[in-house]
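> pasting the structure only:
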């Protein structure tokens, strides 16, 4: 049996995700030899600027995709929310395992909840989506950009004298930091990112053996939900660095999407929803995007496209 090489970033969370994929594959195919290959991405290399200031989509995925194409690795493990929605010729998003928690967590050493933050408190976040939604709810806050892996960001609460930070619930749980969570922010106002809590497993589209292996890891409901979410983002013309949030709920065979688009300062906010059969996930995302564009979302997003790659 051929050796399978998994390409991953080297951060603790990325390695947790890669080990999860390796161990799950091994449980289905105990004789399969699987290696991890650690790769550096542009997003890892540039740590002194906000992600939206560095360049376009693919900051944490492009180098791993290139390694797939030149056959240095056979599987790419991505945080799905980092993976651009545009298809790369020669590659296929082969599997999306059952997603983890989708919430955004408020973490603080001194404050018990987001709404308990004093006026003009300083809060750190990596994400423009979180920043815009937090500013919409609390325009008095001082929102600062926060970079680094999960542990680095947690440490910055003390070293940079922050009143709190906002980061993904799933990452905290996966790395064993759930005890640091003060509050999971209400998804009624802090809508998650497209693909939040899910992994995207990518391989070459002509690699039938690896496609067969990865088929065992796909979760149909998660796949359908994230297909709808990514369809919304693609049809809005937005990327993973713009302030678009989405809340997805599936009951039986019916999927409901609620999406929000905000201006950078959080003052403009457009929210809309769409419901339909789970089997029409792609079309439902597209319909919701068209509805939001007619409502003004396109104009908002046009003013906040990420900077040109540097």
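Here it is on my side, so go on. These numbers come from a predicted model, not from an experiment.

> What residues of stretch 64-72 count as buried?
Within stretch 64-72, the residues scored as buried using 16 or more other CB atoms under 10 Å are 64, 65, 66, 67, 68. C-beta coordinates here come from the backbone N, C-alpha and C atoms, glycine included.

> what's the burial count for residue 27?
Applying other CB atoms under 10 Å, we find 9 other residues in the vicinity of residue 27.

> In this structure residue 72 contacts residue 5, no?
Yes. With contact defined as CB atoms under 8 Å, residue 72 and residue 5 form a contacting pair (7.4 Å).

> Give me the common contacts of these two.
The contact sets of residue 72 and residue 5 overlap at residue 37 (CB atoms under 8 Å, 6 or more residues apart in numbering).

> Backbone dihedrals for residue 83, both of them.
With angles defined as degrees, to the nearest 10, residue 83 sits at phi -90, psi 120.

> Hmm, it is touching residue 77, no?
No. Assessed by CB under 8 Å, residue 83 is found out of contact with residue 77, at 10.4 Å.

> Next, show the common contact partners of the two.
residue 200.

> give me every residue that touches residue 149.
11, 12, 13 are the contacts of residue 149 under CB under 8 Å, 6+ apart.

> In JSON lines, list those along with secondary structure.
What follows is those, written out as JSON lines (DSSP: H, G, I helix; E, B strand; the rest coil):
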{"residue": "11", "secondary structure": "coil"}
{"residue": "12", "secondary structure": "helix"}
{"residue": "13", "secondary structure": "helix"}
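
> buried residues in stretch 115-123?
117, 121, 123.

> Let's test this: mean pLDDT of stretch 168-181, rounded?
Per-residue pLDDT values over stretch 168-181 give a mean of 97.

> wait, stretch 11-25
So the average pLDDT for stretch 11-25 ends up being 96.

> Ok, stretch 105-119 next?
97.

> Contacts for stretch 121-130, please.
Outside stretch 121-130, the residues touching it (CB under 8 Å, 6+ apart) are 50-52, 104, 111, 117, 131, 134, 141-147, 153, 156-157, 160-167, 190-191, 193, 241-245, 262, 264, 304.

> ignore the last one, stretch 258-275
Under CB under 8 Å, 6+ apart, the answer for stretch 258-275 is 128-129, 131-137, 139, 191, 232, 236, 238, 243-248, 254-257, 284-285, 287-288, 291-292, 295-297, 300-301, 303-304.

> just checking, which of these belong to strands?
244, 245, 246, 247, 248, 254, 255, 256, 257 (DSSP state E).

> for this protein, which spans come out with low pLDDT?
1, 41-60, 238, 240, 305-310 (pLDDT under 70).

> can you list the domain ranges for it.
1-97+198-218, 104-184, 220-310 (automatic domain parsing).

> Can you name every helix or strand that the host helix or strand of residue 214 contacts?
Residue 214 belongs to helix 208-215 when assigned by DSSP states H and E. Helices and strands in packing contact with helix 208-215 are listed as strand 91-95, strand 199-204; criterion 3 or more CB pairs under 8 Å, 6 or more residues apart in numbering; DSSP states H and E.

> Now do the last one against strand 91-95, angle only.
An angle of 140 degrees separates the directions of strand 199-204 and strand 91-95 when computed by axes from the mean of the first three to the mean of the last three CA atoms, to 10 degrees.

> what about stretch 190-197, how long is it end to end?
Start and end residues of stretch 190-197 are separated by 15 Å (CA to CA, to the nearest Å).

> what sits up against that stretch?
79-81, 83, 85, 99-104, 127, 129-130, 133-134, 137, 166, 168-170, 226, 229-230, 232-233, 240, 244-247, 258-260.

> so what's the residue most central in space within the chain up against?
For the chain, residue 81 is the residue whose C-alpha lies nearest the centre (CA atoms, centre = their mean; 2.2 Å). Residues in contact with residue 81 (CB under 8 Å, 6+ apart) are 193, 194, 195, 196, 198, 240.

> tell me which of those is nearest to residue 31?
If you rank these by distance to residue 31 using CB to CB, residue 198 comes first, at 28.2 Å.
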